[in-house]
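Asker: Sharing a model that was predicted from the sequence below.
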Amino acid sequence: MSAAYGDAFSGRSVFLTGHTGFKGSWLAIWLQRLGARVTGYALPPHTRPSNFEAAGVRDLLVAHHEADIRDAQRLEDALRAAEADVVIHMAAQALVRDSYRLPRETFEVNVIGTASLLDAVRQVGRPGVVLVVTSDKCYENREQIWGYREIDPMGGHDPYSASKGAAEILTAAYRRSFFSPQRLAEHGVKLASVRAGNVIGGGDWSKDRIVADIVRNLQAGEPVPVRSPRAVRPWQHVLEPLDGYLSLAARMLTAEDPRWCAAWNFGPLPGQDATVRELLELFIAAWGGGSWQDVSDPDQPHEANVLRLNIDQALWQLGWQPRWSLAETVTRTADWYRRFYVDGDRASMRAACHADIEAHERARVEPVTA
């Protein structure tokens, strides 16, 4: 049990959408480790391999629904049956480049899917904690050098980013219209949204994701093609934002305080972001060798060049902060993939996930000064 959350999740029913995905599968493992009874609702894993299959996550669930987040009635029925104390919404179309190919589907899944989830919460009428997971790309990106704050405007150049900004606006509308933080005694629903940086870690095989591309090519002995080596991103291990989500949900479960019902950023500490090239060279060193090539194309679909998050609110109000440096993050990620390719049975990979979670729980948090 993590000292950070105490027994906040022990025996609790958690309804987790997107549990077959990269982040969702890690969160399902961690919640079960904390004693939660996890119900998952998602489409089948969209990649093979996947962390969901590699670590045998289905065996850890009390219920597993393979269904579309846009199926409002089925979603409501599953939520009602779960009698959830905590709802964490992670189901999404999560790839920027796919959003250019499938713009309508991206908006349907990320916006209408979020509306379906929040309306199901409204119809079920059960008090509890609800976290809507969006993205650091929800902000109107001005290529500024300082980090975006929770009060900065929503936006998005590409369909994916715009859909995440729209999901944030939609969540805020439901909070104001139906789940007012000032009227918690009446409805009991504590609604927050959470925005994370670029997460990496073992078990992500999505296309057009930098670490997945690195691993696939290094494992094949081929150079890694890189589209935007100078792009700056707030890289963090997948466990960092999940720790933030759990910290926030635990606080919301144990306190009737409206200030937690808001938007929250979870990213690296200031100065810990890095370029794609820096990440790539760290990973090649951790892997033990390899090469890369710049395949930049001036006509490629637009993606932000500079993206940073301001995490002051989480630091000073929630008392949360990241635990691992980028070097530690890359080393642990490379070790996870090496273990998969050497000994990829379910028991071994679930043990690898538990080992990373345990190491993260034990990691010393360095004091942050203003």
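Answerer: Structure's in. What do you need?

Asker: Report the secondary structure state of the nearest residue to residue 65 once chain neighbours are set aside.
Answerer: Sequence neighbours aside, residue 41 is the residue nearest to residue 65 in space, at 4.4 Å (criterion: CB to CB, 6 or more residues apart in numbering). Backbone N, C-alpha and C define where each C-beta goes, glycine included. Three-state assignment for residue 41 (DSSP: H, G, I helix; E, B strand; the rest coil): strand.

Asker: Residue 41 is in contact with residue 20, isn't it?
Answerer: No. Here residue 41 does not reach residue 20: they are 9.4 Å apart, not a contact under CB atoms under 8 Å.

Asker: ok, the two, which is more surrounded?
Answerer: Taking neighbours as other CB atoms under 10 Å, residue 41 and residue 20 compare with residue 41 leading, 30 against 27.

Asker: which residues sit in contact with that one?
Answerer: Residue 41 sits next to 15, 16, 17, 19, 65, 67, 69, 75, 78, 79, 91 when contact means CB atoms under 8 Å, 6 or more residues apart in numbering.

Asker: ok, now with 10 Å
Answerer: Applying CB atoms under 10 Å, 6 or more residues apart in numbering to residue 41 gives the contacts 15-20, 24, 63-69, 71, 74-75, 78-79, 82, 87, 89-91, 117, 120.

Asker: give me the beta-bridge partners of it?
Answerer: residue 17, residue 65 (DSSP bridges).

Asker: Distance of it relative to residue 68?
Answerer: Using CB to CB, to the nearest Å, we find residue 41 at a distance of 9 Å from residue 68.

Asker: quick check: longest strand of this structure.
Answerer: strand 189-196 (DSSP state E).

Asker: all strands for the stretch 201-350 of the chain, in order.
Answerer: 224-226, 232-233, 235-237, 263-266, 274-275, 292-294 (DSSP state E, counting those that start in this stretch).

Asker: Of all those strands, which one is nearest residue 325?
Answerer: Counting by CB to CB, residue 325 lies closest to strand 235-237 out of the strands of the stretch 201-350 of the chain; the figure is 9.7 Å.

Asker: still on that earlier bit, anything in contact with each of residue 41 and residue 68?
Answerer: Counting by CB under 10 Å, 6+ apart, the common neighbours of residue 41 and residue 68 are 74, 75, 91.

Asker: ok so, going back, quick one, which of the contacts of residue 41 are buried?
Answerer: Buried by 16 or more other CB atoms under 10 Å: 15-20, 24, 64-65, 68-69, 74-75, 78-79, 82, 87, 89-91, 117, 120, out of those.

Asker: Show me the residues you listed that map onto helices.
Answerer: When DSSP state H defines the helices, the subset of the buried ones among the contacts of residue 41 inside them is 24, 74, 75, 78, 79, 82, 117, 120.

Asker: and which of these is nearest to residue 238?
Answerer: Using CB to CB, residue 24 comes nearest to residue 238 of these, at 10.2 Å.

Asker: now that closest one, nearest residue through space, not along the chain?
Answerer: Using CB to CB, 6+ apart, the closest residue to residue 24 is residue 18 (4.1 Å).

Asker: Quick check: the gap between residue 101 and residue 126.
Answerer: 38 Å.

Asker: same deal with residue 71?
Answerer: To residue 126, residue 71 is 20 Å away according to CB to CB.

Asker: Over to residue 283?
Answerer: 44 Å.

Asker: does residue 130 really touch residue 248, like I thought?
Answerer: No. Residue 130 is not in contact with residue 248 according to CB atoms under 10 Å; the separation is 11.3 Å.

Asker: Could you pull up the contacting residues of the closest residue to residue 72 other than its chain neighbours?
Answerer: In this structure, residue 72 finds its nearest non-sequential neighbour in residue 116, 4.6 Å apart by CB to CB, 6+ apart. By CB under 10 Å, 6+ apart, the contact set of residue 116 is 17, 68-76, 89, 91, 108-109.

Asker: Show residues contacting stretch 270-278.
Answerer: Contacts of stretch 270-278 (CB under 10 Å, 6+ apart): 146-147, 197-198, 210, 226-236, 267-268, 279-282, 292, 294, 305-312, 315, 322, 324-326, 329-330, 368.
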